[in-house]
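Engineer: Compute the structure for the input listed below.
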Amino acid sequence: MSKYLASIYNYLFNSINAIVMIVNGIIMVPIYFKFMSVSTYGAWLATGNVVAMLGLVESGFAGVITQKMSVSLAKNDDKNFFQLASANIYAALIMAVALLLLGLSISPFIAGWINAEESVKRAITIAYVVSLSSAAVSLLVSLLGAFPQVWQKTKTVGLIATGVNILGVVSLVIYLYAGFGVVSLAMGYLTRSGLNLIGQGVWVLLEWRKRELTMPVFNFIVTKNLMRDCLYPFLSRISGVLMGNSQSFIIAIFINPTLAAVYDITSKIAAVACNFVSMANGSFFALFSLTFASKNREDVNKLIKNVSTFFLTMLFSVLLYALVFSESIVHFWVGLDKYGGNLLLGFIVLALLITQLKQYFNNLLYTGGLINKSAKLDVLSMIFFVGLLLLIIKPTQIYAIPLAGIITGVVFIGLYLLMLKKALYVDINIILRQCLKLLLITLPFFLIHFLLIINLLKFNIFILYLIIFTIVYFIVIGFANKQFVKILISKLRYGKK
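Structural biologist: Residues are numbered from 1 along each chain as shown. Next up is the predicted model:
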């Protein structure tokens, strides 16, 4: 399988899995409210943020190990690759156990921290413990996922993940109707992660034997050096979690769990769409690492041009759709009484745009080997974000989180671009030109939509408008990126490198 085709398969299956997660994260929410209150759901979201923070135990190891194993393969250094692969397996086991023990130590206090109602504290605690177990298993899956990435064999693993995610949603529905309440949400995650571990674990074992690799050997020095290399990525992960996965927890503490649910519902369409698009970061990680390792600037900039065109077009498009259609979707979905308003949505979308760009640039720096330098920028931006958030959260309330994200992104995003240009010799004009072109395309659609003042709360008008909007928009996008479309079709049809 060619390098491009492996990454495209990876993105394709990740996208399919994201669609399954959309079912789980959006379509299922009205069903959740049949079994729990908005406040209980908000408390559950807050516990999810706590588990995400505990996931920092992984410390960015997956990114570091993928980058290093990719470089070893590019250099045909089999000995170093085996040492790294072995360290990956043992480190995964150690970190999963550490995550579980650390999370269990604070479990008695979770319900109180997030201001959960007295009647659901016990259920919330149980849900947290089950979710914690799921996170430990998911950590193992994440690190095992480095192998199909660097081996550029993503098709079978993608099929496994897709099947497992569908089974996870089905199991969640069964648990809800069996009467497990809010604990059902955690049980659904545990079912999915457990099946993923079995499926991907078996695939890695078979591929390991096929490549005639021996039993993994624990090498303390190699593992220690890898852990040391994870110091700055660990700090970077803290930055990512605080700035991207702590909204519900922060709102539950400083305001209340109900508004945490309102914020989540208001941002849901845009956030899920961005998760869908950001699959490009993970899907092309190994390909970027292999290309940067080749030291061929022409190939590097060609790859960045193609992937950036794809990534940025998707990003601007989904955020435009989120701005235009979120209010209507929430109306049909759970009702506008749980919607935070278009002003809040606008701030959230702008914050997501800046955050996604920052993550993409950060990913390029990682794959280019500048892990520590990029992580230092992440840490500085995190300190700036937290300080600003604490300063403005009382006067601005629920608006504080997106406002802090926007201001932080504007301050720091230029530094990431400067580092790409000076340290990795990336032609950042390629990225800037594409951003400007997409802004000029999407902005008129946004302005025309709001000038028309069409009532999209009527379902038949909503569907008709969605179809017309989509046809016109994608005709414009297709003409604007005609050359890229031809290249993409060529890659899919012939799998050329």
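
Engineer: going forward, measure contacts between C-alpha atoms and count neighbours the same way
Structural biologist: Noted.

Engineer: buried sites along stretch 299-307?
Structural biologist: 300-301, 303-305, 307 (16 or more other CA atoms under 10 Å).

Engineer: brain fart, stretch 388-408
Structural biologist: 388-389, 393, 398-406, 408.

Engineer: Turn those residues into JSON lines, including distance to residue 209, pLDDT and secondary structure.
Structural biologist: Listed next are the buried residues of stretch 388-408 as JSON lines, based on distance: CA to CA, whole Å; pLDDT from 0 to 100; DSSP: H, G, I helix; E, B strand; the rest coil:
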{"residue": "388", "distance to residue 209": "52", "pLDDT": "88", "secondary structure": "helix"}
{"residue": "389", "distance to residue 209": "51", "pLDDT": "85", "secondary structure": "helix"}
{"residue": "393", "distance to residue 209": "55", "pLDDT": "86", "secondary structure": "helix"}
{"residue": "398", "distance to residue 209": "53", "pLDDT": "86", "secondary structure": "helix"}
{"residue": "399", "distance to residue 209": "53", "pLDDT": "91", "secondary structure": "helix"}
{"residue": "400", "distance to residue 209": "52", "pLDDT": "89", "secondary structure": "helix"}
{"residue": "401", "distance to residue 209": "48", "pLDDT": "87", "secondary structure": "helix"}
{"residue": "402", "distance to residue 209": "48", "pLDDT": "91", "secondary structure": "helix"}
{"residue": "403", "distance to residue 209": "51", "pLDDT": "92", "secondary structure": "helix"}
{"residue": "404", "distance to residue 209": "50", "pLDDT": "90", "secondary structure": "helix"}
{"residue": "405", "distance to residue 209": "46", "pLDDT": "88", "secondary structure": "helix"}
{"residue": "406", "distance to residue 209": "48", "pLDDT": "92", "secondary structure": "helix"}
{"residue": "408", "distance to residue 209": "48", "pLDDT": "90", "secondary structure": "helix"}
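
Engineer: okay if I get those residues as JSON lines plus distance to residue 163?
Structural biologist: Formatted as JSON lines, those follow (distance: CA to CA, whole Å):
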{"residue": "388", "distance to residue 163": "43"}
{"residue": "389", "distance to residue 163": "40"}
{"residue": "393", "distance to residue 163": "42"}
{"residue": "398", "distance to residue 163": "38"}
{"residue": "399", "distance to residue 163": "38"}
{"residue": "400", "distance to residue 163": "39"}
{"residue": "401", "distance to residue 163": "35"}
{"residue": "402", "distance to residue 163": "35"}
{"residue": "403", "distance to residue 163": "39"}
{"residue": "404", "distance to residue 163": "38"}
{"residue": "405", "distance to residue 163": "35"}
{"residue": "406", "distance to residue 163": "37"}
{"residue": "408", "distance to residue 163": "39"}
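
Engineer: Now do the helices in the stretch 151-300 of the chain.
Structural biologist: For the stretch 151-300 of the chain, helices defined by DSSP state H, counting those that start in this stretch occupy the ranges 155-177, 183-210, 220-229, 231-244, 247-254, 257-277, 279-283, 285-293, 297-333.

Engineer: Give me the angle between the helix or strand following the last one and helix 257-277.
Structural biologist: Beyond helix 297-333 on the C-terminal side, the first helix or strand identified by DSSP states H and E is helix 342-367. Angle between the axes of helix 342-367 and helix 257-277 is 50 degrees (criterion: axes from the mean of the first three to the mean of the last three CA atoms, to 10 degrees).

Engineer: what's near enough to touch residue 425?
Structural biologist: If you count contacts by CA atoms under 8 Å, 6 or more residues apart in numbering, residue 425 has them with residue 297.

Engineer: Quick check, pLDDT for it.
Structural biologist: According to the per-residue confidence, residue 425 scores 83 in pLDDT.

Engineer: heads up, I number from 12, so please use that
Structural biologist: All set: I'll call the first residue 12, so the last point we hit is now residue 436.

Engineer: Look up how far residue 75 lies from it.
Structural biologist: 21 Å (CA to CA, to the nearest Å).

Engineer: can you tell me how far residue 61 sits from residue 81?
Structural biologist: 32 Å.
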